[in-house]
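1. this is a predicted model, with the sequence first.
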Amino acid sequence: MPIDQVFLHLTDATFFAGEALAFLVLIATIVSSFTPNHSADRTINKLLSLLNLLAGNVGRNRNADDA
C-alpha cells in the first residue's frame, strides 16, 4: 500500500475518532444536564459523576447544586 493511501486512511480515522468523541461529550452533557445530581442510589451518583466528567463539568465548571 502506498504511503499516500496510508495517510489518507489515517486522516479519515482521526476525523472519525474526533466525531465520536464529540458525540460522546454531547450525549454526556445532555444526560447530565437533565438528570438531578442528588440521589439516594450510589450507583446513579457514580454514573452521574462519570457523565459530569465526560461532559466537562470539572473544576470551576460545575453544576449549581454541586458547588
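-> Looks like it arrived, so ask away. Numbers count the residues shown, from 1 in each chain.

2. switch to C-alpha atoms for all contacts and neighbour counts from now on
-> Will do.

3. roughly how far apart are residue 52 and residue 7?
-> Using C-alpha to C-alpha, to the nearest Å, residue 52 is found at 35 Å from residue 7.

4. sorry, slip of the keys, the one I care about is residue 15.
-> 12 Å.

5. circling back to that earlier point, what about residue 52 and residue 7, which has more around it?
-> Between residue 52 and residue 7, counted using other C-alpha atoms under 10 Å, residue 52 has the larger neighbour count: 22 against 11.

6. could you find the closest non-adjacent residue to that one?
-> With C-alpha to C-alpha, 6 or more residues apart in numbering as the criterion, residue 52 has its nearest non-adjacent residue at 6.0 Å, and that residue is residue 32.

7. I'd say the one you found and residue 51 touch.
-> Yes: if you go by C-alpha atoms under 8 Å, residue 32 and residue 51 touch, sitting 6.0 Å apart.

8. give me the most central residue, the protein.
-> residue 25 (2.8 Å; C-alpha atoms, centre = their mean).
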